[in-house]
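In: Sharing a model that was predicted from the sequence below.
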Amino acid sequence: MPLALTRTSEYKTPMQIRPSSQADLPHVLHVERTAFGYDKEAELVRQLLADATATPLISLLAYDNEQPVGHILFTRARLMPDEAAEISLLAPLAVVPQAQRQGVGGQLIKRGLEVLTDAGVDLVFVLGHPGYYPRHGFEPAGRHGFAAPYPIPEEHADAWMVQALRSGVIGRVRGTVMCADALNRPEHWRE
């Protein structure tokens, strides 16, 4: 069922966020290409959507007047050596340029975290902009004993972040995040 949301722009136009299906793949890839201006993220998303090691995954599309304006993908991950927590990885989040700075990304994050919470996920990780994701509840993961799949240079350490969806998990578990096969390449871990 689509979730109707109101954007935080001056126009207050309704936006819908709904799970994407295989039939939505052209919309997903269009959003990724338009948002980033090249094909790298679109190809990564295509690979992740077909990667059995990424499931279960959450793929959400935001529509403004039936036009796709945003996409977010959460994929399954594991925490090694301590597999006592259910974890997910947010990658990527994309919003088309004309819809940026209007709350679309934040609403995609919020809805995705709600779905993951309902699914029993304990922790969500992201490698992203340290000025953006903390506004949505993420904090540096390294400080809590969570390592990225590949080393993050010290000057970008705060870009590797975590958010707990269940209380008491941070501090009880730690380790290295192991991501889906399609994402498990060093070039995807350079911020």
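Out: Great, that's in hand. This one's a predicted model, so the numbers in the text were calculated from it and none came from an experiment. Numbers count the residues shown, from 1 in each chain.

In: Where does pLDDT dip in this structure?
Out: 1-13, 191 (pLDDT under 70).

In: Kindly recompute the last result at 90.
Out: By pLDDT under 90, the weakly predicted segments of the chain are 1-15, 82-84, 186-191.

In: residue ranges of the helices in it, please?
Out: According to DSSP state H, the chain carries its helices in the segments 25-36, 40-49, 104-118.

In: now for those, which one comes closest to residue 172?
Out: helix 104-118 (17.6 Å; Cβ to Cβ). All C-beta spots, glycine's among them, are computed from the backbone N, C-alpha and C.

In: report the angle between the axes of the closest one and helix 25-36?
Out: Interaxial angle of helix 104-118 relative to helix 25-36 (axes from the mean of the first three to the mean of the last three Cα atoms, to 10 degrees): 130 degrees.

In: Show me which residues of helix 104-118 are buried.
Out: For helix 104-118, the neighbour count (16 or more other Cβ atoms under 10 Å) marks 104, 105, 106, 107, 108, 109, 110, 111, 112, 113, 115, 116 as buried.

In: Mind exporting the C-alpha coordinates of it to PDB?
Out: Coordinates of each C-alpha in helix 104-118 appear next as PDB, following Å, rounded to 0.1, in the frame of the first residue of the first chain:
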ATOM      1  CA  VAL A 104      12.300  13.500  -0.400                       C
ATOM      2  CA  GLY A 105      15.500  11.800   0.800                       C
ATOM      3  CA  GLY A 106      14.600  12.200   4.500                       C
ATOM      4  CA  GLN A 107      11.100  10.700   3.900                       C
ATOM      5  CA  LEU A 108      12.600   7.700   2.000                       C
ATOM      6  CA  ILE A 109      15.000   7.100   4.900                       C
ATOM      7  CA  LYS A 110      12.200   7.400   7.500                       C
ATOM      8  CA  ARG A 111       9.900   5.000   5.600                       C
ATOM      9  CA  GLY A 112      12.700   2.500   5.000                       C
ATOM     10  CA  LEU A 113      13.700   2.500   8.700                       C
ATOM     11  CA  GLU A 114      10.100   1.900   9.600                       C
ATOM     12  CA  VAL A 115       9.900  -1.100   7.300                       C
ATOM     13  CA  LEU A 116      13.200  -2.500   8.600                       C
ATOM     14  CA  THR A 117      12.100  -2.000  12.200                       C
ATOM     15  CA  ASP A 118       8.900  -3.900  11.500                       C
END
